[in-house]
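Asker: heads up, no residue letters with this:
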């Protein structure tokens, strides 16, 4: 029974980081759609600010703790976010530990 519960948790948890990746992409698309003239040169960082706000509204906090975020601290990098919910954050941290 314990093995079944663990398998269920692992199976359901596989969507945590995947959902984060999907949300980051959706926020990027929305930001670029809101500021199409800034796609090439965004001197005011409007698209970046939009993506950060979109992710925050969706329950994700910016963090540069992950090694790949330190290498590429971009608003479009899903490894630069963690969910604000404690359980979601814990599961996601385990998932991205091997990225």
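Answerer: Great, that's in hand. Worth saying up front: this structure is predicted, and the values here are computed from it rather than measured.

Asker: and the gap between the residue nearest the centre of the chain and residue 47?
Answerer: For the chain, residue 78 is the residue whose C-alpha lies nearest the centre (Cα atoms, centre = their mean; 3.5 Å). From residue 78 across to residue 47, the span is 16 Å (Cβ to Cβ, to the nearest Å). For the C-beta atoms, the positions are set from N, CA and C on the backbone; glycine is no exception.

Asker: next one: residue 32
Answerer: 6 Å.

Asker: who has more neighbours, those two?
Answerer: residue 47 (22 against 16; other Cβ atoms under 10 Å).

Asker: surely that one meets residue 33?
Answerer: No: contact criterion Cβ atoms under 8 Å: residue 47 and residue 33 do not qualify, at 9.8 Å.

Asker: List the buried residues of the helix or strand containing residue 56.
Answerer: For residue 56, the element it lies in under DSSP states H and E is helix 46-57. Across helix 46-57, burial judged by 16 or more other Cβ atoms under 10 Å covers 47, 48, 50, 51, 52, 54, 55.
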